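Visitor: When you get a sec, could you give me coordinates for this:
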Amino acid sequence: MTEQTRDKRYSLTRVVGASMVGTTIEWYDFFLYTSAAALVFNTLFFPTEDPLAGTMLAFGTYAIGFVARPVGGLVFGHYGDKLGRKKLLVISLVLMGVATVAIGLLPSYESIGVTAPILLTFLRLMQGFAIGGEWGGAVLLVSEHGDAKRRGFWTSWPQAGVPAGNLLATAVLALLAAVQSDEAFLAWGWRIAFLLSGVLVLIGLWIRLSVAESPLFVEAAERAEKAGGIERAPILQVMRESWREVLIAMGARMAENASYYVITGFLLVYITETLGLDRGVALNAVLIGSIVHLIVIPLWGALSDRVGRRSVYLFGAVGVAVWGFVFFAMLDTRSFGMIAFGTTLGMVLHGAMYGPQAAFFSELFDTRVRYSGASIGYQLASIAAGALAPLIATALLAATGGTLMISVYVLVICVITVVAVVLARETRGISLREPVSVKRSGEV
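Guide: Sure, this is the predicted structure:
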């Protein structure tokens with residue numbers, strides 16, 4: 001291995017590490033809210049006589065964060081395609097940290113009345129806006145530093161930052177719940193997890209500021225400057241030239257996003273409210289599933305480098321469709337072993353979609369509009385999928401008293417994803433320097 005090759009590998013490894021650490025921290029903040037909405041916020045910010053109604057209100061503010069994500073994707077994508085990936089990643093991390101720490105300091109409904117849920121909603125919007133710009137920048141920074149041969153593997157590491165963030169959030173909440181009484185946890189213990197974000201953000205900033213800007217973005221900016229300037233409105237360019245790719249990304253994202261929040265969000269409600277089990281059972285099941293999820297995501301990404309993005313993605317979507325019908329039967333056993341197994345199996349199948357996703361979406365768009373295109377497709381789907389999944393699941397449970405229709409809901413979402421992926425072209429091994437028109441010319 002030459003010195004130049006070693007330097008290139010070291011640079012790529014450092015970029016991957018910086019992207020994953022930052023993503024882990026931001027998703028720690030985002031998932032912390034998800035868990036707290038199921039376990040704490042329904043009591044502290046939405047007190048009602050019906051616990052399930054309070055939970056649905058808490059999940060309503062959770063869903064609002066998803067509404068802000070496409071806005072964040074549009075804004076960060078626009079400026080990320082104009083100013084660079086790195087600058088926008090630093091801004092998104094700071095915004096997320098400020099919002100999360102503020103939630104940890106927020107007075108409850110009992111202290112300030114209706115102002116409490118209003119402020120909570122605003123801070124959730126701020127979280128959603130920040131996370132809307134995070135994903136695109138993190139995965140593109142890695143995609144545009146690496147080569148085509150192992151792009152699926154390298155870009156899967158920022159994806160692994162998502163279960164790592166969930167793992168960290170769940171672990172912190174589980175630890176706090178284990179060492180505190182229910183009264184202490186509700187009164188002040190949950191706030192520790194949110195305040196911890198301030199320390200994590202400082203660490204993430206130090207790491208992110210140490211990496212270089214995407215070389216492909218620098219090249220594209222230089223070419224655009226010589227040709228008369230950088231694209232003034234990347235979002236308009238995406239909609240004119242790559243609307244098909246945006247729709248494919250949205251469709252492919254549906255099953256991945258919805259199933260994940262059924263596992264990590266609705267599971268907590270079902271275990272505690274319906275089955276009457278201790279919250280530690282649900283938290284520990286998600287904890288185990290997240291550990292396995294963290295391990296398998298890079299493996300699925302690496303497999304997509306060998307057999308193609310579509311094959312791996314389709315396996316995950318079909319697997320999740322079937323899994324949806326056995327998952328709740330496992331939960332209903334009230335056996336921790338079966339609950340943990342069902343949760344972990346769902347995470348493994350989800351990983352088959354999430355592992356190759358970053359490379360797949362990156363390869364759909366040109367460099368000059370890649371941040372905008374990938375972010376829009378990714379984040380718009382999150383409104384229809386992840387934002388609504390816990391709400392729809394909770395509503396179906398309340399309306400029918402059972403889980404069959406929730407399984408049917410998961411199946412329908414998976415069918416949408418299968419159709420989108422089947423209609424997509426295979427992108428494995430393509431050059432990110434080629435324009436979309438050249439890539440389309442190879443379609444069957």
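Visitor: separation between residue 186 and residue 102?
Guide: 19 Å (CB to CB, to the nearest Å). C-betas here are computed from N, CA, C, even on glycine.
Visitor: Neighbour count: these two, which is higher?
Guide: When residue 186 and residue 102 are compared for neighbours, residue 102 comes out ahead with 18 against 15, by other CB atoms under 10 Å.
Visitor: so what's the residue nearest to the more buried one when sequence neighbours are not counted up against?
Guide: Leaving aside its sequence neighbours, residue 102 sits nearest to residue 123 (CB to CB, 6 or more residues apart in numbering; 5.3 Å). Counting by CB atoms under 8 Å, 6 or more residues apart in numbering, residue 123 makes contact with 99, 100, 102, 103, 106.
Visitor: Packing partners of the strand or helix carrying residue 155?
Guide: Applying DSSP states H and E as the criterion places residue 155 in helix 151-179. Judged by 3 or more CB pairs under 8 Å, 6 or more residues apart in numbering; DSSP states H and E, helix 151-179 is in contact with helix 3-36, helix 115-143, helix 190-208, helix 279-307, helix 336-362.
Visitor: The third one versus helix 115-143: what angle between them?
Guide: Here helix 190-208 runs at an angle of 30 degrees relative to helix 115-143 (axes from the mean of the first three to the mean of the last three CA atoms, to 10 degrees).
Visitor: And the residue nearest the centre of the chain, how far from residue 77?
Guide: Nearest to the geometric centre of the chain sits residue 162, at 5.8 Å (CA atoms, centre = their mean). Counting by CB to CB, the gap from residue 162 to residue 77 is 19 Å.
Visitor: What pLDDT does the model give the residue nearest to the centre of the chain?
Guide: Among the per-residue scores, residue 162 shows a pLDDT of 82.
Visitor: repeat for the one 5 residues further on
Guide: On the pLDDT scale, residue 167 is placed at 80.
Visitor: hang on, the earlier thing: so which of the contacts of residue 123 wins on neighbours?
Guide: Of the contacts of residue 123, with other CB under 10 Å as the count, residue 100 tops at 28 neighbours.
Visitor: what's the host helix or strand of residue 317 packed up against?
Guide: Using DSSP H and E, the element containing residue 317 is helix 309-332. Helices and strands touching helix 309-332, as assessed by 3+ CB pairs under 8 Å, 6+ apart, comprise helix 243-261, helix 279-307, helix 336-362, helix 404-423.
Visitor: Rebuild those helices as CSV, extending it with mean neighbour count and mean pLDDT.
Guide: Formatted as CSV, those follow (neighbours: other CB atoms under 10 Å; pLDDT from 0 to 100):
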stretch, mean neighbour count, mean pLDDT
helix 243-261, 24, 92
helix 279-307, 22, 91
helix 336-362, 25, 95
helix 404-423, 19, 95
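Visitor: May I see the ones you listed arranged in TSV, with distance to residue 237 as well?
Guide: Shown next, in TSV, are these (distance: least, CB to CB, whole Å):
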stretch	distance to residue 237
helix 243-261	11
helix 279-307	28
helix 336-362	17
helix 404-423	22
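Visitor: Tell me which of the ones you listed sits nearest to residue 268.
Guide: helix 279-307 (4.7 Å; CB to CB).
Visitor: and that closest one, what does it pack onto?
Guide: Against helix 279-307 (3+ CB pairs under 8 Å, 6+ apart) you get helix 151-179, helix 267-269, helix 309-332, helix 336-362.
Visitor: ok, back up a step: put together a markdown table for the contacts of residue 123, with pLDDT, secondary structure and distance to residue 45 on each row.
Guide: Shown next, in a markdown table, are the contacts of residue 123 (pLDDT from 0 to 100; DSSP: H, G, I helix; E, B strand; the rest coil; distance: CB to CB, whole Å):
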| residue | pLDDT | secondary structure | distance to residue 45 |
| --- | --- | --- | --- |
| 99 | 88 | helix | 15 |
| 100 | 86 | helix | 15 |
| 102 | 92 | helix | 14 |
| 103 | 88 | helix | 10 |
| 106 | 88 | coil | 8 |
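Visitor: hey, which helix or strand in this protein has the poorest pLDDT?
Guide: Lowest mean confidence among the helices and strands of the chain (mean pLDDT, DSSP states H and E): helix 436-440, at a mean of 49.
Visitor: Could you look up the SS state of residue 426?
Guide: coil (DSSP: H, G, I helix; E, B strand; the rest coil).
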